[in-house]
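Asks: here's my sequence, what's the structure:
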Amino acid sequence: MESKDTSPLADIPATGALPVYLRIAELVSRQIDAGILADGHRLPPEREMADAHGVSVGTLRKALARLTEMGCLERRQGSGNYIRQTDRSAAIYTMFRLERPDGGGLPTARLLSVRTLKPAADIRPFAPDGQAHRFRRLRFLDNVPVALEEIWLDAAVAPELPRERISDSLYKFYSEELGLWITRTEDRVSVAPVPAWTIGEFPLPSGTPAGYVERNGWSQDGAWAEYSRTWYDPAAARFVARQR
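Replies: You can find the predicted model right below:
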């Protein structure tokens, strides 16, 4: 049984999303990874793209600049912007393996709660007396709820947690706020019933079989740091791992 939570981090409200220009860049990068945008593909004119995303041309250009930094885009003066496929992705959500059934999809998340507590016996591989920060989130692809996610971060690697700065991307939050980089992961995919703590927006009720992913994550110094489990709706998302 879980120990009683005494942390001020419990049940905090949803936090802010990534800036719009980063969202656009992430969406395009995931479309590239999914093969929706092929190498050499010419993007529409900037004004047309800005209108399609409901942003100003200035915001769109910031997204294009980000894609150029990531090595995903070649900007040819007087000709346009062309897709470049790279061997390594610099996307924020590189390790997020869920995609829409037709590929891609912009990941976002709503934080449901954060608690600091002793993990239950079925949460591994924490030390018997160890403490962990538990994040529970509802995950979306293109604003469609597709997954429930529970992440356990070893409190030994992050004794203090600045909850007001938690963002859509926990790995981005880890690196920028905690000085922690998850550099290696191991995923195990199976089927498991939706947990009792599910919420109404998730399309599958508690106890329904769902896609299930367990992940262990190791930090930049090789130490184990994180355990997570994700329940996803197989009608709305698929698990994808690519090798290049």
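Asks: show me where the protein has its strands.
Replies: Remark: strands assigned in the chain by DSSP state E are 73-76, 80-83, 98-99, 107-117, 132-141, 144-154, 182-193, 209-219, 224-232, 238-239.
Asks: how about these in CSV, adding distance to residue 161?
Replies: Where C-beta positions appear, they are placed from N, C-alpha and C, glycine not excepted. Formatted as CSV, these follow (distance: least, CB to CB, whole Å):
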stretch, distance to residue 161
strand 73-76, 35
strand 80-83, 38
strand 98-99, 25
strand 107-117, 7
strand 132-141, 6
strand 144-154, 8
strand 182-193, 16
strand 209-219, 16
strand 224-232, 13
strand 238-239, 28
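Asks: turn these into JSON lines, columns for mean pLDDT and distance to residue 46.
Replies: Listed next are the strands of the chain as JSON lines, based on pLDDT from 0 to 100; distance: least, CB to CB, whole Å:
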{"stretch": "strand 73-76", "mean pLDDT": "89", "distance to residue 46": "10"}
{"stretch": "strand 80-83", "mean pLDDT": "90", "distance to residue 46": "8"}
{"stretch": "strand 98-99", "mean pLDDT": "92", "distance to residue 46": "27"}
{"stretch": "strand 107-117", "mean pLDDT": "93", "distance to residue 46": "24"}
{"stretch": "strand 132-141", "mean pLDDT": "95", "distance to residue 46": "26"}
{"stretch": "strand 144-154", "mean pLDDT": "96", "distance to residue 46": "28"}
{"stretch": "strand 182-193", "mean pLDDT": "94", "distance to residue 46": "34"}
{"stretch": "strand 209-219", "mean pLDDT": "95", "distance to residue 46": "37"}
{"stretch": "strand 224-232", "mean pLDDT": "94", "distance to residue 46": "35"}
{"stretch": "strand 238-239", "mean pLDDT": "94", "distance to residue 46": "32"}
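Asks: let me know which of those is the nearest to residue 57.
Replies: Shortest distance between residue 57 and those, using CB to CB, is found for strand 80-83: 12.8 Å.
Asks: identify all contacting residues around that closest one.
Replies: 32, 37-43, 45-46, 64, 72-76 (CB atoms under 8 Å, 6 or more residues apart in numbering).
Asks: next one: it to chain centre, how far?
Replies: Its chain's average C-alpha position is 26 Å from that of strand 80-83, according to CA atoms, centre = their mean, to the nearest Å.
Asks: what do you get for stretch 43-53?
Replies: Counting by CA atoms, centre = their mean, stretch 43-53 is centred 26 Å from the centre of its parent chain.
Asks: domains in the protein, by residue range?
Replies: Here the domain parsing of the chain from automatic domain parsing is 20-83, 98-239.
Asks: dihedrals phi and psi, the residue of the chain most remote from its centre?
Replies: Each residue of the chain has a distance to the centre, and by CA atoms, centre = their mean the biggest one is for residue 78: 35.6 Å. Main-chain torsions, residue 78, degrees, to the nearest 10: phi 80, psi 0.
Asks: tabulate the strands of the chain (JSON lines), appending mean neighbour count and distance to residue 57.
Replies: Below are the strands of the chain laid out as JSON lines (neighbours: other CB atoms under 10 Å; distance: least, CB to CB, whole Å):
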{"stretch": "strand 73-76", "mean neighbour count": "15", "distance to residue 57": "14"}
{"stretch": "strand 80-83", "mean neighbour count": "17", "distance to residue 57": "13"}
{"stretch": "strand 98-99", "mean neighbour count": "21", "distance to residue 57": "29"}
{"stretch": "strand 107-117", "mean neighbour count": "20", "distance to residue 57": "24"}
{"stretch": "strand 132-141", "mean neighbour count": "22", "distance to residue 57": "27"}
{"stretch": "strand 144-154", "mean neighbour count": "21", "distance to residue 57": "28"}
{"stretch": "strand 182-193", "mean neighbour count": "13", "distance to residue 57": "35"}
{"stretch": "strand 209-219", "mean neighbour count": "18", "distance to residue 57": "39"}
{"stretch": "strand 224-232", "mean neighbour count": "22", "distance to residue 57": "36"}
{"stretch": "strand 238-239", "mean neighbour count": "16", "distance to residue 57": "34"}
